[in-house]
Every structure is written in C-alpha cells, then in structure tokens.
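**Q** Here is my input, please return the structure:
(3 chains)
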Amino acid sequence: MTRRLELHPDRLFPADPTTRSIARALYAEIARLPIVSPHGHTDARWFADNMPWTDATSLLLAPDHYIFRMLHSQGIALEALAIPSRQGVPATDPRAAWRVFAEHIHLFRGTPSQLWLDHVFADVFGFDIALEAATADLYYDRIAELLATDAFRPRALFDRFQIDFLATTEGAQDDLSAHHRIQQSGWPGRVVTTYRPDGVIDVEHEAFKPAMARFAELTGEDVYDWPGYLAAHRKRRADFRAAGATATDHGHPTAATANLTPAESEALFAKITRGDWTPADAELFRAQMLTEMAAMSIEDGMVMQLHPGSFRNHNAALFASHGRDKGADMPMRVDYVAALKPLLDRFGSSTDLSIILFTLDESTYSRELAPLAGHYPCLTLGPPWWFHDSPEGMRRFREMTTETAGFYNTAGFNDDTRAFLSIPARHDVARRMDCGFLAQLVAEHRLADWEALDLAHELTSGLVRRAYRLDQPTSGA
Amino acid sequence: MTRRLELHPDRLFPADPTTRSIARALYAEIARLPIVSPHGHTDARWFADNMPWTDATSLLLAPDHYIFRMLHSQGIALEALAIPSRQGVPATDPRAAWRVFAEHIHLFRGTPSQLWLDHVFADVFGFDIALEAATADLYYDRIAELLATDAFRPRALFDRFQIDFLATTEGAQDDLSAHHRIQQSGWPGRVVTTYRPDGVIDVEHEAFKPAMARFAELTGEDVYDWPGYLAAHRKRRADFRAAGATATDHGHPTAATANLTPAESEALFAKITRGDWTPADAELFRAQMLTEMAAMSIEDGMVMQLHPGSFRNHNAALFASHGRDKGADMPMRVDYVAALKPLLDRFGSSTDLSIILFTLDESTYSRELAPLAGHYPCLTLGPPWWFHDSPEGMRRFREMTTETAGFYNTAGFNDDTRAFLSIPARHDVARRMDCGFLAQLVAEHRLADWEALDLAHELTSGLVRRAYRLDQPTSGA
Amino acid sequence: MTRRLELHPDRLFPADPTTRSIARALYAEIARLPIVSPHGHTDARWFADNMPWTDATSLLLAPDHYIFRMLHSQGIALEALAIPSRQGVPATDPRAAWRVFAEHIHLFRGTPSQLWLDHVFADVFGFDIALEAATADLYYDRIAELLATDAFRPRALFDRFQIDFLATTEGAQDDLSAHHRIQQSGWPGRVVTTYRPDGVIDVEHEAFKPAMARFAELTGEDVYDWPGYLAAHRKRRADFRAAGATATDHGHPTAATANLTPAESEALFAKITRGDWTPADAELFRAQMLTEMAAMSIEDGMVMQLHPGSFRNHNAALFASHGRDKGADMPMRVDYVAALKPLLDRFGSSTDLSIILFTLDESTYSRELAPLAGHYPCLTLGPPWWFHDSPEGMRRFREMTTETAGFYNTAGFNDDTRAFLSIPARHDVARRMDCGFLAQLVAEHRLADWEALDLAHELTSGLVRRAYRLDQPTSGA
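**A** The predicted model follows:
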C-alpha cells in the first residue's frame, strides 16, 4: 500500500489556533509574490541553453549535498548514489541510485530536505503518493517523462516558478559566456552573475595557481604584481556588472579583515605570489583583500556578501577520492566583532558600502551580528544559511536578531541552492516561517496586525530588493 | 488617519488560552507591587533638584542609545537626532529631531524599544494615538506641556511609578553631592548610589589620569602607591555606603580575575602608575582589582556586580567625533569558568561575599553561568542584560538557567536604564515575561499553581531585595 | 496542612490542546516499553549482592550531586547533608540531613531534580503527600520501612522498573568482581560494565600513579613501556567485554585527538611515565590515546563514548576537603570540528568504528555536532548530558540537531545516573519530551502521524539498541 503525499495548507504554522489563523491570513497575502533569489548556485548554462534535464538522479540527487551527506552518514557509499568522484561519474545505474535513495527516505524525517522534496514531488511533478521503496521506479519513470516535455525545460520552469530575479555565482577566473548567451538570447528572464573572487584570493586553495593564470588571461593584467592584481579585479568586476551582477561574495574561513598600508599589502602579496607564505600570511592576505573589495564596492556599488566560518573538506579521505563540495564541510566558531573592525575602521562610515553578513555559528546572532547590524549603516544580516536554512533555524534567527537589529537590518531570504527545482519550496518555507513568527508577535500583542502585514511584504520582497540593490542601475550596466 | 495606541492587557502573554489565563492570574497578583531598581544609570541630580524636564527630544531620544543606535544603523546621522558630540549639543532643532524619530518609528517594530515607548506614551503621557510622522508635532507639544507641570517633575513621577528603591551609578572619581542633597532634603524617596571604580582601575580608559587625580583629591591618599591606592578605595567605598550604596559595579572587558601576592600586586601597580604597562598588564591589573574588590566586599558587605564582555567604542570614527556611550558597544564572547577561578579559589567559600554575574554572551547561560551559580554560594545570576533585556532574551534566560541554577540563584530584575520614564515599562515587561514563563511550567504540570504564585512574588520582590541586601543595615550607613 | 503529591498524566506535554493530544497518544504507545540504560554510574555491587538499602539520606541525598550542589549553592554545608568528605562520612544524623533537605525543597522548583524526586516519591514509594518540612520525618520513616522489605532490594526494583539493559562504568584499574558475581549468580538481569580508562590515561589525575600500578598488577604487563601499555589496554578491554561491556567511555577535558607516529607516541609516553611532562604533553597524550582507543574499538567492536568538556573540581577548597564528584564540575566551551579531525583522518571511513559524542556546550549542537554526525558514518550524537538532561535541554537538543543530523544519527536516551531509583523517572521525562517534540512536528504538518509513531519507538528502543550494539554478539563474550 502506498502512502499519500499531500502538502497540508497549514504546514509550518504554529499549532495554537489563534496564532495559526493570523499566520494563515498573512501568508495568503504574500504566498504568490514573485521569487527574488539574490544568491545561489544554479548553473547559468541551464538558462542559456534551455536543454532538458534527463533524470531524477542527476537532477535531484547527485547535486544535492543535503541529501547525499545524510545518506553517507548512514554508511551509504557515494558511488551507490551515482555521485561523481575525481574519477568522474561512477558507472552506477542512475535508477539503482534512485532506489537506494527511496529506500532511505525515512532518514530525512524532521529535516528541511523532506519539506523541500515533498514540495518538489507534489507541486512541481504532481505526485500524490509518497516516495518510498515501492514507488521508486514509478517516480523515476514519471520524472523522466516529464523532464522530456517542454514544460519542464529550465526557462519554462523559471517562468512557472515566477522567478523575478536569479543570481548565480561565478569565480574571478570563470568566463561568463553562459550569462552572455542569456543576455543575447532575448529571453526576458533576469538571471545574473555574482563576483566570487575566492579562487584568486585564497592561496591555500589547491587550484590557486591555475585560477591566477586564467585571471591573467581573462584580464590581460600582470596579476602577479600588486597594482596589476588589483586592476585585474577591477576589470573583472566591471565584466560581472556588465553581466548584471549587483553583488560580490566571499567565502573565507574566517571573517578576518585587515587594514594594511599599500606598502605592507604589496610586500604581503609578493610573498603570496612567490610561494613562501605561511598560513598566517594566507589568512592576512584574505583579510586584506576583504578590505580591498570593500574599497572597490564603494567605487562600483556592488554589495558585498560575507559567508565565513566553513571548515571546507573536513573529511580527508573523501576529499582525496571525491574532491570539494561533497557534504563534508563543517561549521566553525566565528568571531565578527574583532574580525570586522579593521575594515569598519576604514570604511564603516561610508554610505555607499553595503555588506551582508552570514554565519554558520548561531551563537553569534544575538551576541555579535544583531548588535553590529543594529549600529553600522553598512551592515545588514543575511538570512539563516546552509545548515540553518530550516524551520527551526529560521525561528532562532528571528528570535535572536529581531529585538536588537529589528527587521529592517535584515535582507530577506536567500535560497543559496544549486537545486533549481527546490527554489519555490525553499522560499515557501521561509515565507511560512516568517508569517508564523509575525503571527506570534501579533497574538502576543507585540505587533499590530497592519504592521505584521506590512512586514510580511517587506520580508518577502522589499528588504531583499533593497539589500541587493536590484532596482538601482548598476554603474557598469 | 492616525493610528490608535493601546496597551493590550494580555500583551506578552503566551497565546495558548490555558497558559494565557494562568499568566494573567499570576500577573494580576504582582503587577502593582512597588518597583525595586537596584542597578541603573539615572541622574541623581534629577531627584536632588527636582527640576522639570523640558522636551521630548532631550528626555526621551537623546539619552536613549537603544533608539539612536537603531536610527544610526539605517543611515540617520546623530546630528539630525540632536545627539551631543564631542563639540557639544548640535544646533539641531529638537522638534526637527523628534520628527525624524517619528518618521522612522517603524524601525522599532518587534524590538523592546517599541514596547517601552508605547508604555511611556500611553501610560505616562496618556496618548491614545500612535506616534508617527503625522503626530510628531502633537506628541512634541503635548509632552512639553505635561513636562512643565508639577506632576511630571522627577520626584512626582518617582512616586507615581511606585519606586521603592532606585540605585544610580557613580564613579570612584565622582563626588556624591547630588546624593547628599537628596539625603539632606528630607524627601523620603530611596535613591542611592553604586560604587563603580572602573575609571581608576582601567588604565586603558582614556580618562584614567584625570580620574586618578580626582581620586587622590577626594580621598587625600597617595593613590600612586599601592597601599595608598587600596586605602583610597576603602575610603570611597565608605563614602558610597554612607550615601546608601549596597553594591559595587565592575564593567571590565572580560571576567578575568587574578590572585597575585601582595608583592606581585605592588610591582604590577608600579608599572600601571609609571605608564610602562602592556595591554596584558592592564588586563592583569583589572583582574587583580576584582579580587581586591571582593576582599573589601567581605569587609564592608557591599554586593559586587560584574558586567563583563562589552567591546566599548567599536566604531572608531564615531568615538572620535562623539565619544563614549553612543550605541557603538558590541558584545564579545566571554569565559567565566576559568576567568573567575582565581577569585573563587581565594574567596569562593566566604559566606559574606556576594557576586552578581551578568553577561552579553547568551551561550554562557547554560554552559557556565547556571552551573557556577548552581554551585557557589557567593554567586548569583543577574537578569538578562542590555541587548538581552527583551522578551525573547528573558525567555531564553529562564529556559537556559532555571533547570541548573533554579530560580533562587537569580536576582530578580534590573532595568539598568538612564531612561527614567521607561522604568515602569521595563519592569512591566519583566513581570509579564516571568508570569508567562511560570504559566507555561504550570500548564505543563512542571510546577504547582501555588508554587508559581510564590515564585511570581519572589521574582518581583523577594529575590532582588535579598540579592542586593536592601533590607540589611549597611555597615557604613 | 500537607500538600498533595500527584503526577499529572499530561505532565511535560505542550499546552496546546491539539499538540497535547497527539503527544498523549504517542506516549501511550511507548510509555511501558522496557528501559535500556546503556550508560550510567550505578554500583554493580547492588545487583551482585542484592543487599537492602537502609535510609533515604544515604540512598537519595548523599549520592545525588544534582541535589547537594543546589543546596550548597544556597549556603548549606555539605556536612549538614551527611555528604562524605575526605575524612569519611560525617557524624551528621541522617534524619537531620533529610530534614535540611526537606526544608529547602522549594529550591528545586523548575529543575529536573523536582521532576525526578516527585516521580520517585509517588511512583516508587507510593507517597501521595509532598515532601516538605512538615513531612520530612514521615518520609524518612516510611522510606526506611519500605527499603527493609524484599520488594525494595536492588534486583526486585530492577525487575519492577522493567530494565532490559543496564551498564555501569568501571575504570581500567578496577576489578570486575561485582560483575563476575552477577554473571555467576544465575540472576537473569543484564547488568554490564563499560571500559573507562581515563584513570590510566590522564596523567594529571591525582591518582594516576596508583591506577597505573593496579593496571600493571591486573594485566601482568609492563605498563610503563609503550607496547606493554597498549597490550594492557587490550587485555582489560577483553576482560570488560567478557563482563558484557559493549562500550568504552572517555571523559577528557577536551575532545582533542591526535595522530602521532608510533615513534612519536612512544617518545611521548616515555615523558609521561618518567614524569617530566608538561600540561601540553598530558593533553597530547590523552588526544593520542583517543585515537589508540579507536583503533582497538575497530578490532574488538566496542562503541566509544566521548564525554568531553568538564572542568573537574573547580572549587579548590571543596576539592581539598571533600575530593572529586562533589557537584563542583563546570562545563567549558568545547571544539569538536578541529579536535576530532586527526582521529577522523585516520579512521573516519571505517565502517566498524562507532563513536557517540556528548557535550556540555549546547552552542555546538547546531554548529558542530549535528553537521559532524550528519556526515560521518562513524559518529552518532548522544542525548543531552548532565546539566542538559532536562526538559528544556532535551527540547533544545532536538530543535538544534534534528534538521541537520536527523533522528537516525542520534542514540536514544542515557540516564547517566548513580541514582538508581530515579532511572524510571529520567527515562519517563525523555519519553515525554520526545513525544512532545514529535507531536509538535505532527501538529505543524512537518511529519505524518505514522512517522511520528515509528520515531517514538525508535527514540525509545531502536536507536539505543543499535547505537550501543546491544543485539550483536560481542567479540570477546
């Protein structure tokens, strides 16, 4: 007997009937607003080429590190899930991989992956029975059928999802050809890039040297010389702005910033390029580069996003066999108050600078992030990130930041995903949780109903558009 | 059309009807108990001189760092708010400043400032329409009118607020003339001082030298000699006790304590006074002085308050232009378990010592503070402080400390404010949140109703009176 | 007038009626399942010898550090409670000690001790009036009477409590004679030991030398030589497995692990045994020994438990007078992500290794522990430990770990207690809190009712049995 799959209209709303009815009313007002996705990791080629996806495993399973990390934690080999290794995509039959996933679907109970998957299955693919071992093949076949239709091509889904803005992320060493194809295609979807220069800033990254070589090639600058290196960043930032970017992104191990003199920076950069740097030099260089990026943001108007605090590739054996981004990144404790001071000492009063802060360390919400954002005009809080992009994570974020930073120093929602089909699901979870939070404030008479309604719109649309400057002409565009 | 302003009688109570009705019943029993305010920053001259306040801006806006930090975070210049800088009070028209505030009142949605302001506007000034751009002038004028009446002079409000005890905070280098005038006036209000010697302990404070000079002058001791310095503290502590003080207060960057030998202390002090100290020396001296203050507390019975973990004056540009206490202090991660050990090793078993611990780092509630207070007789937990003096902050405090420290190792509520008119509002929030927390325990059958009622009284009156020794004769008085 | 004592059938369930009724239904299904207690500190001699306990004070008060730490925090001397010191059991009349406890029972309001005590009093002893000053003697006498009956001997209570499995903890230097007597007695109760080698690993422990001497004696190995030392561990692990152990336990100050070469390990061990080690050497040796223990666990199949982060014997005066385990241990901030990497780099991919992680630092739940357990197959999360073994602690644990680690990377409940009579109470609290958490997920449509029922069984039985390998033949048994 198969289980029914049904998305309950009241899901994620607080159980108390009064609060729930307030939440339901708020949600009804904003549920259908267009999606603004200002930070994520979808592939621009999907929208450039509009080719159909082929199967459930390569579309839904293999790219979703939330899913395969959980399966891995229970002893399932990545090979069995058809996850690519350094040797390439394993010979695993994708249907067999899908069956393994379906047999273990209970592992996701209580996780956001379950919520997202149910939404994708029910709402995107129209299933009304649940995925489980018995329905694995039925799911696999039906998904393949649908993906072969025009209605499931990337651009069609983009329209169906009512996406108003979608940012991808590219490196300083990446070409932007897919974005150029989108721009030249005449397709009206707004899919833009984001400048992520980590690859040419983090000398500890294993691909720093080839990234620098490519950076030199793309810019024609002498990137091994400090002024040339900075000039190359300026050129590429202009390229990215021309491809619609409104923001940069920085995924450093820590939030450290520095404020060296030009001579000190140049001497440090010389060590970096000569290769006789220590880990402390590598850290200081990343720190100084955040400050340099802030300086360039003041020039060109791009919003900076800081995503610090991930210990990348924690599993040494898995990194050796499978490389990066295989669900083995771990959060670390992060300091912001001392770390950001050098940058803030230099540019904290600028009215042109805008930095959106993210964290994987929830203990910083009430202790550091809300107080910083509740004082500095240039700082805004990004939404709960990665492990914390979940109902409880969102609840903690609002509970721990609102009283000090208010709602207006936050930046709306980011889905931050490479799982394109889950984008509506993720935004829906955020909207429901925000409405539930606002409803509780109304039920406890901490907010008037009309204020809550205004805030529901702000949390869905207004804040994100302003934080990412979506409605400002980009200086390079 | 103007918005109504109304304080809902059930505000801040949990939405569940059963829990709410328990909370309401508990609150009804303690809502009108007199206010005990054992730690705060009101100005003793208000009560000494009983002069009328003049206008909304200088009374409600300019001294309230919660308000102007939020406005600053959204890019509003402090000048526009008539906040004094190092150059003095700006020429800004106070009415214009009030209008700026009113236009941005939405920024405070979901913050405790909104709760406090609504209470002050509705309950103290009797407004029944909300502050917004359209009512800014009406508010400004009506407040000025009321402030000119006798009913709004400091002593009249003190009585109307039913304040039973109010402590201000003065430095070791401050004279106590305002307190002396209060004592000599025959006015029965109990307004006392608190001994805060940070200014003559923290050599990194920019005003350490003049503070020491004044300390010498006020005591007639050779404060640049270790025994003379300690004797000066003893003299001033006696002065403060004579002015009603029952407590001292220590606002160090960390909770570090030390237990040096007299010879080591003397040598360290010599470095401090000679000026050839390092930051580590400065920290060690503050640490040692906490232990010295504990020794003197055992002698004279004054309760010690520790408020560690604030990174003062984080915004360098703002500090340069506006000086201290301008909403730019940031919490830092704080350690207590290792930090307090030297002091506790020396005096932890004393039955005469009482130390009230505060934190800006909520991660320490369940990890360090509750276990420490749940073991050491001399340690008590102060209420949620500063950024955490808010509904969610209070909820987290109770949820994270009660199970390990119980209710009886906590110290009731502190308003810790310089915003005198908000004192009833702040105590009301605390009473409502405590009743809501107790109601939840009753609703979940974790506490009997009669126990909750007893605890509601303890949390409002009993604990604070005992923790601050308000009903003991002070040895110097 | 005495107060009634009554265990409300809905205690600890959420107040919302819908959620409560779901919780009640879930609980009804699992409330009577047998108890599995895989980690604790009861005394094996109780079950070996089955001698009656004698009185309330020595059974319920003196061994319970939750109780006497709270009383101590309010200034009650341990002597007055008949707590043994280094001089032995004080001459305090046990009845007088019991009265002191009864007079202060209000201190436990809102704490888990209150819940456990009420359960023991009502359910184990059948009281229907509450303990208070007026009933102290009645309680004392009635308990003594009951303890003298056969129905209150250890084995009878073990059966009455429906305990299916009970693990005690013994050191590497302890004989296992009580366990051998249990095995030889023919009594069918499954009471087993746990291998806790800290005493011969932690050179900073004051009894390291005598422990090593006893370790040598019991194993016949040259434990002062590295290979002999490791061989001695292997022998004792085999002894423990023969006495039913399925697990080891490691209570280090930190979670540090190391991965030294054999030569480095040998050199380090030489310093340890010669006595010319530094604190850093002591820490490194503990770190390396965790990795050695992991290697042996892969050989013999014993599950490793890590309980890091307790600052032992924080109160110096109390340690001097009363020794260890007197309620003066304090949690410390703990890092796991960097600390465990050396061990995980070596053995993280092993399918035979199983490590159960505990913490006293709740900030690690969502930041480090859930991400680690949600990726590494060898890592499982133990339940909330010690100060956090409480309703709010359990709620936070589920809220902060489930979304990233799921339910299936957790290990059910541990009572971790030396208070044998409270075991049913503690498991009951955990079952109620788990049912309440599941009920909330159902009420918010985040989980189907049948999934919640399945999970209620898993959280009560399935997970703990699998995590501790209770149904696998132990290799040495």
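
**Q** list the contacts for the residue nearest in space to the middle of chain A?
**A** In chain A, the C-alpha closest to the average C-alpha coordinate belongs to A:Asp416, at a distance of 2.0 Å (CA atoms, centre = their mean). Contacts for A:Asp416 (CB atoms under 8 Å, 6 or more residues apart in numbering or on different chains) come out as A:His39, A:Gly40, A:His41, A:Trp385, A:Trp386, A:Asp389. Yep, even glycine has a C-beta here, placed from its N, CA and C like the rest.

**Q** could you redo these as TSV and give each row secondary structure?
**A** Below are these laid out as TSV (DSSP: H, G, I helix; E, B strand; the rest coil):
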residue	secondary structure
A:His39	coil
A:Gly40	coil
A:His41	coil
A:Trp385	coil
A:Trp386	helix
A:Asp389	coil
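
**Q** In a markdown table: those, plus neighbour count and distance to C:Ile423.
**A** Output for the contacts of A:Asp416, formatted as a markdown table (neighbours: other CB atoms under 10 Å in any protein chain shown; distance: CB to CB, whole Å):
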| residue | neighbour count | distance to C:Ile423 |
| --- | --- | --- |
| A:His39 | 27 | 50 |
| A:Gly40 | 19 | 50 |
| A:His41 | 18 | 49 |
| A:Trp385 | 20 | 41 |
| A:Trp386 | 21 | 39 |
| A:Asp389 | 23 | 39 |
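
**Q** is it possible to export the residues you listed to CSV including pLDDT and distance to B:Ser185?
**A** Shown next, in CSV, are these (pLDDT from 0 to 100; distance: CB to CB, whole Å):
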residue, pLDDT, distance to B:Ser185
A:His39, 98, 62
A:Gly40, 97, 67
A:His41, 97, 69
A:Trp385, 98, 58
A:Trp386, 98, 61
A:Asp389, 98, 60
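
**Q** what's the closest of the residues you listed to chain B?
**A** Closest approach between the contacts of A:Asp416 and chain B, by CB to the nearest CB: A:Trp385, at 18.5 Å.

**Q** Could I get the phi/psi values of the closest one?
**A** phi -110, psi 140 (degrees, to the nearest 10).

**Q** so how far is chain C from it?
**A** Look at A:Trp385 and chain C: by CB to the nearest CB, to the nearest Å, they are 12 Å apart.

**Q** Now do the contacts for the nearest residue to that residue once chain neighbours are set aside.
**A** Using CB to CB, 6 or more residues apart in numbering or on different chains and skipping the chain neighbours, the partner closest in space to A:Trp385 is A:Phe358 (4.4 Å). Counting by CB under 8 Å, 6+ apart, A:Phe358 makes contact with A:Gln305, A:Leu306, A:His307, A:Pro308, A:Gly382, A:Pro383, A:Trp385.

**Q** could you dump those residues to a markdown table with distance to B:Ala23?
**A** Listed next are the contacts of A:Phe358 as a markdown table, based on distance: CB to CB, whole Å:
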| residue | distance to B:Ala23 |
| --- | --- |
| A:Gln305 | 42 |
| A:Leu306 | 41 |
| A:His307 | 41 |
| A:Pro308 | 41 |
| A:Gly382 | 35 |
| A:Pro383 | 32 |
| A:Trp385 | 35 |
